[in-house]
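> Quick one, fold the following:
(2 chains)
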Amino acid sequence: MSTTPDAPAVSLNNVAITFGAKGSGYTAVRTIDLTVRPMEFVAIVGPTGCGKSTLLNASAGLLKPSDGKVEIFGAPLQGLNGRAGYLFQQDALMPWKTALQNVAVALEPKGVGRTEADAKAREWLRRVGLAAFVDRYPHMLSGGQRKRVALAQMLIRDPEILLMDEPFGPLDAQTRQIMGNLLLDLWAANRKAVLFVTHDLEEAIALADRVVVMSAGPAARIIGDFPVTLARPRDIAELRVEPEFHHIHKEIWASLRTEVQKAYAQGEGGTA
Amino acid sequence: MKRLKLLGLQIAVGLVFLLLWHVLTAYPILAPVKQTQFFFSNPVDVLARVWKEFASGEIWRHLWITLVETILAFVFGAAGGILFGFLFARREVLAAVFDPYIKAANALPRVVLAPIFALWFGLGIWSKVALGFTLVFFIVFFNVYQGVREVSPVVLSNARMLGMNERQLLRHVYWPAALTWMFSSLHTSVGFALVGAVVGEYLGSSAGLGYKIHEAESVFDVTGVFAGMVILSIFVIIIDALVTMIENRLLVWRPAPSTTGQV
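Got it, this is the predicted structure:
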């Protein structure tokens, strides 16, 4: 629940992000208007290098937009976004800490005591299915298990906004489905505003309430915004064979396809 | 079984070497025995001398002094290196300003400093500690500096998104990262601490392994020199094994390093 009920959790107004000198630099995204309401799950899809992650970093406060406004629950974002949790695509766990320590340390900035933090971290690791792995170091865990730890690390702080940057990208197809279902279960139990970046349209439809499509970079814009009306709770594996899923997929893919082809035509030039 | 075989081969190499040395110096093959023994001594004599040194208890005092010098040089060098490595990595201006001086100081062969240190700190242990310090400091400094600067940006961003302040980042991210790099250079830096101690003793002192070797050398006692070297080698192997033990304890979180070929 937000403090200002009417305000969107995340609101990007006419945002542009340029790397390098203004005017001569590389413009990743421009004229972006995007809102995520509290408890809403929004997925951003777009071809490689369209600046999806850039938008996420701007919402997190890791990146300052060159133009436009970023507002979090109605207040302009200054510095890092303290109300958001961030799930990175790459491994972001501290390799010198065990799973338990990695999750428990997330409570330290909130001033939670050591014993209480440990107990809560154990509980969260159990929820993500890692009760038997609390004392493992990240290198002893599989890619999927590390993502589970990262998920627990993010959620234990109970952030109001979840920012996810292709979090399941490096995982194999089956693990992705399992992680997707886990995410949906956890989210259903305690709904947050979610901004989920992916290049996988099927994943986006299966998870989100709304799918936002971006054009190919540079200077990428939002070219489509599609509601996903599939009923919840959803099971990702079963969802994919439903006719409605295919209908939505077809509709979104029609607008995404030309952009993906454009991105391919540009070769490997674009970078995220 | 495989380890046993390896150990057997390792011992065999040593035995072949000793045998060759013995045969060439105990029999007039290359030159008269007296002549070869003057230059190369003889393994039996050397081992007998090593035994005598330990049995008479004479060597313990020297070993102790060298050990103390090594440890002090390492502790001070590592502490200084960590402190300045951290400071320079977190304050880019300092690093930029001091860069040429650090490079110049590090390029200086440390041996030329030994007489100066002897002048400043006397012939006791502190001139040797100072020499070892100058060697250890730069190794640890460069490693910590590198380690702090090359902390994974993703790990860092993640920690910041978790809400960590500068102090918490230091404790949970920068410090462990720097320690990793320091430990990766632990064998080298402990080795250099010992080099500093022994070279310092060699150039001017009244005790320590370096002094023992120098003393034997000055009277052309080749057996004594070799005996000193053997004792020094044993000393180094023991210290290195201790370092490995400490390293394994402190870096449990790291992927298992390959242990093949380590004694």
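> tell me which element B:Val129 falls in.
Secondary structure from DSSP states H and E places B:Val129 in helix B:125-149.
> near chain B, which residues of chain A?
A:60, A:62, A:80-82, A:84-86, A:88, A:90-98, A:105-106, A:108-110, A:137-139, A:150, A:153, A:157 (CB under 8 Å from any CB of the partner chain). C-betas here are computed from N, CA, C, even on glycine.
> for the host helix or strand of A:Leu183, packing partners?
Using DSSP H and E, A:Leu183 maps to helix A:173-189. When contacts are defined as 3 or more CB pairs under 8 Å, 6 or more residues apart in numbering or on different chains; DSSP states H and E, helix A:173-189 packs onto helix A:143-155, helix A:201-207, helix A:236-239.
> at 10 Å instead, please
Applying 3 or more CB pairs under 10 Å, 6 or more residues apart in numbering or on different chains; DSSP states H and E, we find helix A:173-189 packed against strand A:41-45, helix A:114-127, helix A:143-155, strand A:161-165, strand A:193-198, helix A:201-207, helix A:236-239.
> A:Leu12 looks like it's in a helix, true?
No: if the criterion is DSSP: H, G, I helix; E, B strand; the rest coil, then A:Leu12 is strand and not within a helix.
> tell me the pLDDT at it?
Per-residue pLDDT puts A:Leu12 at 92.
> again with A:Gly267
We have a pLDDT of 66 for A:Gly267.
> Then A:Thr3?
Confidence score, pLDDT, at A:Thr3: 52.
> give the contact list for residue 201.
Since no chain was named, I'll use chain A. Counting by CB atoms under 10 Å, 6 or more residues apart in numbering or on different chains, A:Leu201 touches A:Ala43, A:Val45, A:Gly46, A:Val211, A:Val213, A:Ile248, A:His249, A:Ile252, A:Trp253, A:Leu256, A:Arg257, A:Val260.
> I was thinking of chain B, sorry if that wasn't clear
B:62, B:65-66, B:69, B:114, B:123, B:125, B:127-128, B:131, B:207-214.
> what about 7 Å?
B:Thr66, B:Lys128, B:Gly208, B:Leu209, B:Gly210, B:Tyr211 (CB atoms under 7 Å, 6 or more residues apart in numbering or on different chains).
> Can you tell me which of these is nearest chain A?
Taking CB to the nearest CB as the measure, B:Thr66 is the one of the contacts of B:Glu201 closest to chain A, at 33.8 Å.
> ok so, going back, so what does the helix holding B:Val129 touch, helix or strand wise?
helix B:58-90, helix B:113-121, helix B:175-184, helix B:186-203 (3 or more CB pairs under 7 Å, 6 or more residues apart in numbering or on different chains; DSSP states H and E).
> could you dump the ones you listed to CSV with mean pLDDT?
As requested, those are exported to CSV (pLDDT from 0 to 100):
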stretch, mean pLDDT
helix B:58-90, 92
helix B:113-121, 90
helix B:175-184, 84
helix B:186-203, 90
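> quick one, which of those helices is packed in tightest?
Mean neighbour count (mean count of other CB atoms under 10 Å in any protein chain shown) peaks for helix B:186-203 among those, with a mean of 24.
> Now do that helix against helix B:175-184: the angle between them, please.
Here helix B:186-203 points in a direction 50 degrees away from that of helix B:175-184 (axes from the mean of the first three to the mean of the last three CA atoms, to 10 degrees).
> from the chain's centre, how far out does helix B:186-203 sit?
For helix B:186-203, the separation from the chain centroid amounts to 5 Å (computed by CA atoms, centre = their mean, to the nearest Å).
> now stretch A:57-74
Using CA atoms, centre = their mean, the offset of stretch A:57-74 from its chain centre is 15 Å.
> Now do the buried residues in the longest helix anywhere in chain A.
Assignment by DSSP state H gives helix A:243-265 as the longest helix of chain A. For helix A:243-265, the neighbour count (16 or more other CB atoms under 10 Å in any protein chain shown) marks A:Phe245, A:Ile248, A:His249, A:Ile252, A:Trp253, A:Leu256, A:Glu259, A:Val260, A:Ala263 as buried.
> Who are the packing partners of it?
If contacts are counted by 3+ CB pairs under 7 Å, 6+ apart, helix A:243-265 sits against helix A:201-207, strand A:210-214, strand A:222-227.
> now these as JSON lines including mean pLDDT?
Shown next, in JSON lines, are the helices and strands packed on helix A:243-265 (pLDDT from 0 to 100):
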{"stretch": "helix A:201-207", "mean pLDDT": "93"}
{"stretch": "strand A:210-214", "mean pLDDT": "93"}
{"stretch": "strand A:222-227", "mean pLDDT": "91"}
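> For B:Val219, which of these is the nearest?
Set against B:Val219 and scored by CB to CB, these come closest in helix A:201-207, at 81.4 Å.
> CA atoms only for stretch B:29-45, dumped as CSV, please.
Provided in CSV are the C-alpha atoms of stretch B:29-45 (Å, rounded to 0.1, in the frame of the first residue of the first chain):
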residue,chain,number,x,y,z
ILE,B,29,85.7,-37.8,-11.8
LEU,B,30,85.8,-34.1,-12.9
ALA,B,31,88.8,-33.0,-10.9
PRO,B,32,90.7,-34.1,-7.8
VAL,B,33,88.4,-34.7,-4.8
LYS,B,34,89.9,-31.9,-2.7
GLN,B,35,89.3,-29.3,-5.4
THR,B,36,85.7,-30.3,-6.2
GLN,B,37,84.9,-30.4,-2.5
PHE,B,38,86.4,-26.9,-1.9
PHE,B,39,84.0,-25.5,-4.5
PHE,B,40,80.9,-27.8,-4.1
SER,B,41,81.3,-29.4,-0.7
ASN,B,42,79.6,-32.8,-0.4
PRO,B,43,76.0,-33.7,0.5
VAL,B,44,77.0,-35.9,3.4
ASP,B,45,79.1,-33.2,4.9
